[in-house]
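Engineer: sequence? don't have it. structure:
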């Protein structure tokens, strides 16, 4: 049995013998690092991260995210990517031959896009782009959301978790780094996939999760 | 510190009206994630105080002129329900609750890593459902738990506690009668690990020696309150991990 992961609170001293503190840690004295989140300690290679149990999504360059168009301007769309700040999508960063003024016919308020964070600045203004392989407008399907810090758990090692859910439920799933998940399939299968995802969310900090989800999926499908 | 009276607040055995010793806290219970819509929430029962705290954000600050280009602003709103006190309280903000909102916002700003969220605001709603002396520090204690459970980066947890002077003696965590008929009240908000003071107010008079003694008592008590905070936060996760991780 793997050990239960260590739970830390903001201000807790991190054990320096585990490795070099990276995400979720701050310097709190000479050669001392403390947790800045309420979460679990994760040790990988020589680094130590504190992964919060919940929290907002912080855009990072290169992240592929799912966003919802909330406003259309003359040459830009304002997109909500589940983060404290909304982001912008310029018409030149799309694969379509858009013309200023009529960009509404490509994307309207309420549409979802799978996009990449192209750039962001010091005051957290960010821009996204649709110009890359696999990026597109998401048509049809359902959207569900989980806290962004739990996205790695949904994907699993090398995509094992999400692929398992995809195969078991015969759905198409796109997971955004920001915690929004797009699922397409028959309504029953989508519901099963959402239930499985919610279970991963709830038990993200426990060990041996993949096996448990596998049997949970079987149970849901009535096998 | 309201009215002078001849009520005896400490009996001949050195016990207080509610039977506590001078260094004893009232019973405290904290629960997290009590509200589904909020990003983080907490409910605290501290003696007779019953307080609900909800945290929303960080989100872009509006109106836009309130934005700070360098850091997030924390908007705490302390509000007492009309039914929270003996006689009906007129609803809405008044002089007292505006002041408490301000000092709690400032106390929390020292714990939250506000510099990570330029232009943003974090809303903290503190609703007092039942008041029984010491609501500001109970609200502050619960607010820091709610912020942590919302996944907001913080340097430390904020712990609140009061001490005061009744019948000429320094005691910890004043109850309602002690607050009304005592001689001084000293609420403090302290960062749990570093011991830095982020909130301090005083009502009434204390000599320097008395003040030192009160501070010492509070610093000792915050460890106990902090343990309750940590237990409230970690409890359900530990329970689930033990249940699931045991195979």
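Structural biologist: Okay, I see it. Note that the structure is a prediction, hence the values are computed from the model and not measured.

Engineer: quick one, phi/psi of residue B:170?
Structural biologist: Reported as degrees, to the nearest 10, the phi and psi values for residue B:170 are phi -80, psi 130.

Engineer: Kindly report the same for residue A:104.
Structural biologist: phi -60, psi -30.

Engineer: which ones are touching it?
Structural biologist: By Cβ atoms under 8 Å, 6 or more residues apart in numbering or on different chains, the residues touching residue A:104 are residue A:72. To be clear about C-beta, it is placed using only N, CA and C from the backbone, and glycine gets the same treatment.

Engineer: how much space between it and residue B:20?
Structural biologist: 67 Å (Cβ to Cβ, to the nearest Å).

Engineer: Any buried residues in the helix or strand containing residue B:178, and which?
Structural biologist: Using DSSP states H and E, residue B:178 maps to helix B:176-181. For helix B:176-181, a neighbour-count test (16 or more other Cβ atoms under 10 Å in any protein chain shown) marks B:176-181 as buried.

Engineer: Report the two of those separated the most.
Structural biologist: B:176 and B:181 (9.5 Å; Cβ to Cβ).

Engineer: So which residues on chain A come close to chain B?
Structural biologist: For chain A, the residues in contact with chain B (Cβ under 8 Å from any Cβ of the partner chain) are A:1-5, A:7, A:9-13, A:24, A:26, A:28, A:34, A:36-39, A:52-56, A:84-86, A:122-124, A:147, A:149, A:202-203, A:205-209, A:212.

Engineer: Can you turn the buried part of the residues you listed into a PyMOL selection?
Structural biologist: To isolate in PyMOL the members of the residues of chain A next to chain B that are buried, counting by 16+ other Cβ under 10 Å, one can use:
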select buried, chain A and resi 4+5+7+9+10+11+12+24+26+28+34+36+37+38+39+52+53+54+55+56+84+85+86+124+147+149+203+205+206+207+209+212
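
Engineer: about what we covered before: which one among the buried residues of helix B:176-181 gets closest to residue A:165?
Structural biologist: Closest to residue A:165, out of all of those and judged by Cβ to Cβ, is residue B:176, at 54.6 Å.

Engineer: The residue of chain A found nearest chain B in helix, strand or coil?
Structural biologist: Closest approach of chain A to chain B (Cβ to the nearest Cβ) occurs at residue A:55, with a separation of 2.3 Å. Under DSSP: H, G, I helix; E, B strand; the rest coil, the three-state class of residue A:55 is coil.

Engineer: Now the longest helix along chain B: buried residues?
Structural biologist: The single longest helix within chain B, with elements called by DSSP state H, is helix B:208-244. Buried residues in helix B:208-244, defined by neighbour count with 16+ other Cβ under 10 Å: B:210-211, B:213-215, B:217-219, B:221-222, B:225-226, B:228-230, B:232-234, B:237, B:241, B:244.

Engineer: And the pLDDT for residue 133?
Structural biologist: Picked chain A for this. For residue A:133, the pLDDT comes out at 91.

Engineer: if you could check chain B rather than the one you did, that'd help
Structural biologist: Confidence score, pLDDT, at residue B:133: 93.

Engineer: and if you look at residue B:247?
Structural biologist: 39.

Engineer: and residue 72, what does it touch?
Structural biologist: This is for chain A. Per Cβ under 8 Å, 6+ apart, neighbours of residue A:72: A:78, A:103-104, A:107-109.

Engineer: Oops, wrong one, chain B.
Structural biologist: B:57-58, B:61, B:112, B:114-122.

Engineer: Share the number of residues neighbouring the closest residue to it other than its chain neighbours, please.
Structural biologist: Excluding its sequence neighbours, the residue lying closest to residue B:72 (Cβ to Cβ, 6 or more residues apart in numbering or on different chains) is residue B:117, at 3.7 Å. Neighbour count for residue B:117, taken as other Cβ atoms under 10 Å in any protein chain shown: 26.

Engineer: try the one 10 residues further on
Structural biologist: Residues lying near residue B:127 (other Cβ under 10 Å) number 17.

Engineer: Apart from its neighbours in sequence, what residue is nearest residue B:112?
Structural biologist: Nearest to residue B:112 is residue B:154, by Cβ to Cβ, 6+ apart, at 5.2 Å.
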